[in-house]
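# this is a predicted model, with the sequence first.
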Amino acid sequence: MDNRALGPRVSAALDTLIKGSEDERDALRGDMRTFEPNEQRQLKAEVIRLLTEDYSREDFRLNDPKTAPTVRGWLVYALGTLKPFDDQSASVLHTLAREDESDWVRYWSLAQLFDFNPHFADDAANEKDASDLVRTLSKAIRASFAPGEAKLKWLPRLLESSELRRKWVALRALQIVGDADAAPQLVALLTTEAPDTIVYDVLLALTTERMGHAGIAEIHKSLEITAILNFVLRACRGAAAHRVRRFANIVKPLPHDRVRSLLSAAVTANKDGEPARALLTALGYAVPPGVTVPTGEWRLEFAYRAVLDQPARFELLETLDVTNLREAIQAAAAGAPQISPDDLLAQMRARHGSAAPNALWTAWVETVQAAKLDQN
């Protein structure tokens, strides 16, 4: 993409929307509100161009089936934020909600229309969409105009379904339309041995702006402190930093000393150590010392050599997950817990030779997963 004609902030914003991490993109949405009117207009024009015109010569992430829906979803998110949100913005989102090939883009287009004006979303809603994700949101949007209890007559059947997919699409719809009356049922869903993915989406649904205070109030009314922290920590596993900050709002009203004590103890646990550290940070509490994961090239080489030592950790090569990296470091340094990161690598090189990690894998990481090398 040739950004030479664009202002520096507009050019940087486009790069973030296309190439940035989830946290960087989320932060940008707030930053865009500080853009000058001409910067907003310029960025809006570029976003619309990328969403509506031929981009065969643009960044590969807009063409790769694995990345394009996510990038286009963030472009839709940006369009819903940029001012002025006018007939052009609404028209583009209406067309995407009805015609885009990605159900994720159709879903987010409906969501942005609903956020700006529910009646715009009602007009674009399609209850016959091929995707259950879009169909359910469309139905929820239409139901939001119904009086009283009629709003959510369809929802209990989905949330009570034995099929995780049906639960998930209902939760995704609730995250957009919100409904305080659904809070008790959502909290009850937490206690049904739900997997982490459902816990994550339940807490998102309970903490939306449209849900207001009802969601968090219902959590505190129905669950005791250790259960609340357990669910929040499960939702924070692998979550982006801005999601952890959102989940921290559930914990803030709880007794501070008790929260600090429980989370500090969790820092030393293998499974919840990383989310506990992230949650303590989000709450503004001191984080007790634990295993650190150096960033940059150290992390790349360690992941490669850790898999040579521990083949069962082969997923590290693809995910570079910080929690799993920390566990691998603990395992590799089990006999010498105070060993420095450089000395640990030196020991691993001695076992498997000092040759650099595979060049193709290294290039892939530095191109596609570069943000993971510096993620905390």
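Happy to help now that I have it. Numbering: from 1, shown residues only.

# mind checking the SS state of the nearest residue to residue 262 once chain neighbours are set aside?
Leaving aside its sequence neighbours, residue 262 sits nearest to residue 229 (C-beta to C-beta, 6 or more residues apart in numbering; 5.5 Å). C-beta coordinates here come from the backbone N, C-alpha and C atoms, glycine included. Counting by DSSP: H, G, I helix; E, B strand; the rest coil, the backbone at residue 229 sits in helix.

# I'd say residue 229 and residue 264 touch.
No - at 11.5 Å, residue 229 does not count as touching residue 264 under the criterion of C-beta atoms under 8 Å.

# can I get the CA coordinates of the helix or strand encompassing residue 187 in PDB?
Assigned by DSSP states H and E, residue 187 belongs to helix 183-190. What follows is helix 183-190, C-alpha atoms only, in PDB (Å, rounded to 0.1, in the frame of the first residue of the first chain):
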ATOM      1  CA  ALA A 183     -28.100 -11.400  33.500                       C
ATOM      2  CA  PRO A 184     -29.400 -14.200  35.900                       C
ATOM      3  CA  GLN A 185     -29.500 -16.800  33.100                       C
ATOM      4  CA  LEU A 186     -26.000 -15.800  31.900                       C
ATOM      5  CA  VAL A 187     -24.500 -16.100  35.400                       C
ATOM      6  CA  ALA A 188     -26.300 -19.500  35.800                       C
ATOM      7  CA  LEU A 189     -24.600 -20.600  32.600                       C
ATOM      8  CA  LEU A 190     -21.200 -20.100  34.200                       C
END
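
# remind me what it packs against, helices and strands.
helix 155-159, helix 164-177, helix 196-206, helix 214-222 (3 or more C-beta pairs under 8 Å, 6 or more residues apart in numbering; DSSP states H and E).

# averaged over its residues, which helix or strand of this protein has the lowest pLDDT?
Each helix and strand of the chain was given a mean pLDDT (mean pLDDT, DSSP states H and E); the minimum falls on helix 155-159 at a mean of 70.

# before we move on, back to that, burial check on the residue nearest to residue 262, number of neighbours?
22 (other C-beta atoms under 10 Å).

# now it: how far from residue 278?
13 Å (C-beta to C-beta, to the nearest Å).

# nearest spatial neighbour of the residue nearest the centre of the chain, chain-adjacent residues omitted?
Nearest to the mean C-alpha position of the chain, by C-alpha atoms, centre = their mean, lies residue 240 at 5.3 Å. The shortest distance from residue 240 to any non-neighbouring residue, by C-beta to C-beta, 6+ apart, is to residue 22 (4.3 Å).

# torsion angles phi and psi at residue 129?
Backbone torsions of residue 129, given as degrees, to the nearest 10, read phi -60, psi 150.

# pretty sure it contacts residue 136?
No - using C-beta under 8 Å, residue 129 makes no contact with residue 136, being 9.2 Å away.

# those two - which one has more neighbours?
Counted by other C-beta under 10 Å, residue 129 and residue 136 do not tie: residue 136 has more neighbours, with 24 against 20.

# would a markdown table of the helices and strands packed on helix 183-190 with mean neighbour count be doable?
Shown next, in a markdown table, are those (neighbours: other C-beta atoms under 10 Å):
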| stretch | mean neighbour count |
| --- | --- |
| helix 155-159 | 17 |
| helix 164-177 | 22 |
| helix 196-206 | 22 |
| helix 214-222 | 18 |
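
# quick one: residue 13 from residue 79, how far?
Counting by C-beta to C-beta, the gap from residue 13 to residue 79 is 12 Å.

# if you count surrounding residues, which of those two has more?
Ranked by neighbour count (other C-beta under 10 Å), residue 13 and residue 79 place residue 13 first, with 28 against 24.

# if we can go back for a sec, so what's the residue nearest to the centre of the chain up against?
21-23, 26 (C-beta atoms under 8 Å, 6 or more residues apart in numbering).

# who's in contact with residue 208?
174-176, 178, 215.

# so for the residues you listed, which is the shakiest by pLDDT?
Note: of these, the lowest pLDDT belongs to residue 178, at 88.

# what's the burial count for residue 145?
11.

# an error on my part: the question was meant for residue 210.
If we define neighbours as other C-beta under 10 Å, then residue 210 has 17 of them.

# hmm, it is touching residue 178, no?
Yes - assessed by C-beta under 8 Å, residue 210 is found in contact with residue 178 at 2.6 Å.

# contacting residues around stretch 75-83?
Counting by C-beta under 8 Å, 6+ apart, residues outside stretch 75-83 touching it are 13, 17, 25, 28-29, 32-33, 37, 40, 43-44, 47-48, 50-51, 89, 92-93, 96, 105, 108-109, 111-113, 115-116.

# quick check: mean pLDDT of that stretch?
So the average pLDDT for stretch 75-83 ends up being 95.

# next: stretch 105-116.
The average pLDDT within stretch 105-116 is 96.

# so how many other residues sit close to the residue nearest to residue 240?
15.

# ok, the one 10 residues further on next?
Residue 32 has 21 neighbouring residues, counting by other C-beta under 10 Å.

# what of residue 51?
Per other C-beta under 10 Å, the neighbour tally for residue 51 reads 21.

# hey, what's the angle from the helix or strand harbouring residue 115 to helix 164-177? Just curious.
Secondary structure from DSSP H and E places residue 115 in helix 103-116. Put simply, helix 103-116 runs at 30 degrees to helix 164-177, going by axes from the mean of the first three to the mean of the last three C-alpha atoms, to 10 degrees.

# convert helix 103-116 to PDB, retaining C-alpha atoms only.
Presented in PDB, the C-alpha positions along helix 103-116 are these (Å, rounded to 0.1, in the frame of the first residue of the first chain):
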ATOM      1  CA  ASP A 103     -20.000 -14.100   8.100                       C
ATOM      2  CA  TRP A 104     -17.600 -12.300  10.500                       C
ATOM      3  CA  VAL A 105     -17.700  -9.100   8.500                       C
ATOM      4  CA  ARG A 106     -21.500  -9.300   8.100                       C
ATOM      5  CA  TYR A 107     -21.800  -9.800  11.900                       C
ATOM      6  CA  TRP A 108     -19.600  -6.800  12.700                       C
ATOM      7  CA  SER A 109     -21.300  -4.600  10.100                       C
ATOM      8  CA  LEU A 110     -24.700  -5.300  11.700                       C
ATOM      9  CA  ALA A 111     -23.100  -4.600  15.100                       C
ATOM     10  CA  GLN A 112     -21.700  -1.200  14.000                       C
ATOM     11  CA  LEU A 113     -25.000  -0.200  12.500                       C
ATOM     12  CA  PHE A 114     -26.800  -1.200  15.700                       C
ATOM     13  CA  ASP A 115     -24.300   0.700  17.800                       C
ATOM     14  CA  PHE A 116     -24.900   3.900  15.800                       C
END
